[in-house]
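Colleague: coords below, sequence missing:
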């Protein structure tokens, strides 16, 4: 990978770009650790301020509330994962191989910390995303936040993978639906394996098993003629 990468988000979840200052980066790094330790419900800006040795007011200069902070972290995760998948698949000519590799990257994102971004531990962030990311868009404000661009990173990543699905089978009718389902399942199956194991057949520490399950779903569906677009098939 490159020596350094910079992931910048441009939407209204923050009041001041946290990547623009050392305090902002500290807020991001420690908020990830606290969310992992406490969970979203028990996480507060008061606890975050105490952890970084600052004041609540300093945190509020960057984020209006903890929901918008979580939205930022989840968006940052999707942007980073998009970069990671692009980097690790760009030299693979066969679209099926690229999709297979992309699924592996998505599933194993929580195994290794990315050394190119020193202030964020992606392993911990992955745990936070698995446990808490649904709370970002399962709210009454989702439509307004969507208009404000809160979910652009997820939508861009989903669209990139949907185009890859169409490279494999240009006649497939539901590429975005398939990709968004796969992305959700990648987190859901891991969550189930860790906390509700009777709801899944994969094991929490068997990433290859989860990747194989998702590949089975994606390729079985994409290769099925039942879901081909009749207009494209003539």
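Modeller: Nice, I can see it. None of the values given here were measured: they were computed from a predicted structure. Numbers count the residues shown, from 1 in each chain.

Colleague: This protein: helices as residue ranges?
Modeller: If you assign secondary structure with DSSP state H, the helices in the chain sit at 22-38, 45-52, 56-60, 66-89, 95-107, 122-132, 134-137, 142-147, 152-168, 175-195, 207-222, 230-233.

Colleague: could you redo these as TSV and give each row mean pLDDT, mean neighbour count and distance to residue 113?
Modeller: The C-beta positions use only the backbone N, C-alpha and C, and glycine is treated the same way. Converted to TSV, the helices of the chain look like this (pLDDT from 0 to 100; neighbours: other Cβ atoms under 10 Å; distance: least, Cβ to Cβ, whole Å):
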stretch	mean pLDDT	mean neighbour count	distance to residue 113
helix 22-38	97	19	12
helix 45-52	97	17	20
helix 56-60	97	15	24
helix 66-89	95	20	12
helix 95-107	96	19	15
helix 122-132	94	20	5
helix 134-137	92	17	23
helix 142-147	93	12	29
helix 152-168	97	17	20
helix 175-195	94	18	18
helix 207-222	93	17	15
helix 230-233	46	9	43
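
Colleague: The spatially most central residue of the chain - nearest residue in space that isn't next to it in sequence?
Modeller: Residue closest to the average C-alpha location in the chain (Cα atoms, centre = their mean): residue 78, at 3.7 Å. The spatial neighbour of residue 78 that comes closest, neighbours along the chain excluded (Cβ to Cβ, 6 or more residues apart in numbering), is residue 153 at 4.1 Å.

Colleague: Residue 18 now?
Modeller: Nearest one to residue 18, counting by Cβ to Cβ, 6+ apart, is residue 24 at 3.1 Å.

Colleague: Span of stretch 126-137 from start to end?
Modeller: 17 Å (Cα to Cα, to the nearest Å).

Colleague: mind checking how far that stretch is from the chain centre?
Modeller: Relative to the centre of its chain, stretch 126-137 is centred 8 Å away, using Cα atoms, centre = their mean, to the nearest Å.

Colleague: what's the answer for stretch 109-126, then?
Modeller: Averaging C-alpha positions (Cα atoms, centre = their mean) puts stretch 109-126 12 Å from its chain's average.

Colleague: Which positions within it qualify as buried?
Modeller: By neighbour count, and taking 16 or more other Cβ atoms under 10 Å as the criterion, the buried residues in stretch 109-126 are 109-110, 114, 117, 120-122, 124-126.

Colleague: Is residue 12 in contact with residue 149, as I believe?
Modeller: Yes: counting by Cβ atoms under 8 Å, a contact exists between residue 12 and residue 149, whose distance comes to 6.9 Å.

Colleague: Any figure for the gap between the residue nearest to residue 78 and residue 72?
Modeller: 10 Å (Cβ to Cβ, to the nearest Å).

Colleague: Could you pull out the residues contacting both of the two?
Modeller: Shared contacts of residue 153 and residue 72, defined by Cβ atoms under 8 Å, 6 or more residues apart in numbering, comprise residue 9.

Colleague: pretty sure residue 23 contacts residue 53?
Modeller: No: under the criterion of Cβ under 8 Å, residue 23 makes no contact with residue 53, lying 10.4 Å away.

Colleague: that older thread, out of the helices of the chain, which comes closest to residue 7?
Modeller: helix 66-89 (4.9 Å; Cβ to Cβ).

Colleague: got a list of what the closest residue to residue 81 other than its chain neighbours touches?
Modeller: On the basis of Cβ to Cβ, 6+ apart, the spatially nearest residue to residue 81 that is not a chain neighbour turns out to be residue 109, at 5.8 Å. Residues counted as contacts of residue 109 (Cβ under 8 Å, 6+ apart) are 81, 84, 122, 126.
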